[in-house]
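In: I would like to see how this sequence folds:
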Amino acid sequence: MKSQIIETETSVNDTFSKIQQAVDLSDYKIKSIEVNKSLVAEGGRSFSWLILAVLVVLVFPGIVYYFTRQRSSVTVTILEGSDKNCKVSINSIGRSGNYVMNDIANKISKGTLSHHIDDERVD
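Out: As a prediction, the model looks like this:
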């Protein structure tokens, strides 16, 4: 960030007119103006194309990969039931969904089983 203070030998009107001309010749857009008092103009962003290209190459594929992957899930539906038995449908998506499906299947077919800490539930 830089700044300057300049003393001129021209009137406020002439000085402000020259400032406006200089801004108009640049590719900046005037955002706010208070005649003969202040002017705010904005241009493009200050960045390096090389750094941007490297970040896009390194980060963007990871973001795309993450958001295009389907979430792991389990869907359980009890199809038929009575007082003594029922039919259960279990569907899973993803590796951790398969672990959960297997846990559910083990619990409902063999009773309660303890949960193993060494499960490799990554996703």
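In: list the contacts of the longest helix belonging to the chain.
Out: Taking DSSP state H as the criterion, the chain has its longest helix at helix 49-68. By C-beta atoms under 8 Å, 6 or more residues apart in numbering, no residue outside helix 49-68 reaches it. For every residue, glycine as well, the C-beta is placed using N, CA and C.
In: buried stuff in it?
Out: Within helix 49-68, not a single residue qualifies as buried, counting by 16 or more other C-beta atoms under 10 Å.
In: after that helix, heading C-terminal, what element do we hit next?
Out: strand 73-81 (DSSP states H and E).
In: can you give me the buried ones in that next one?
Out: By neighbour count with 16+ other C-beta under 10 Å, strand 73-81 contains the buried residues Val74.
In: can you list the strands that it pairs with?
Out: Strand pairing for strand 73-81, determined by DSSP bridges: strand 86-93 (antiparallel).
In: so for the strand it pairs with, mean pLDDT?
Out: Here strand 86-93 scores 83 as its mean pLDDT.
In: ok, residues contacting that strand?
Out: Strand 86-93 is contacted by residues 70-81, 98, 100-101, 104-105, 108 when judged by C-beta under 8 Å, 6+ apart.
In: any idea how far that strand is from the chain center?
Out: Relative to its parent chain, strand 86-93 has a centroid offset of 34 Å by C-alpha atoms, centre = their mean, to the nearest Å.
In: give the buried residues for that strand.
Out: Within strand 86-93, the residues that count as buried by 16+ other C-beta under 10 Å are Ser92.
In: relative to the whole chain's centre, how far out is the helix-or-strand element of the chain with minimal mean pLDDT?
Out: Among the helices and strands of the chain, strand 73-81 carries the lowest confidence by mean pLDDT, DSSP states H and E, at a mean of 76. Averaging C-alpha positions (C-alpha atoms, centre = their mean) puts strand 73-81 34 Å from its chain's average.
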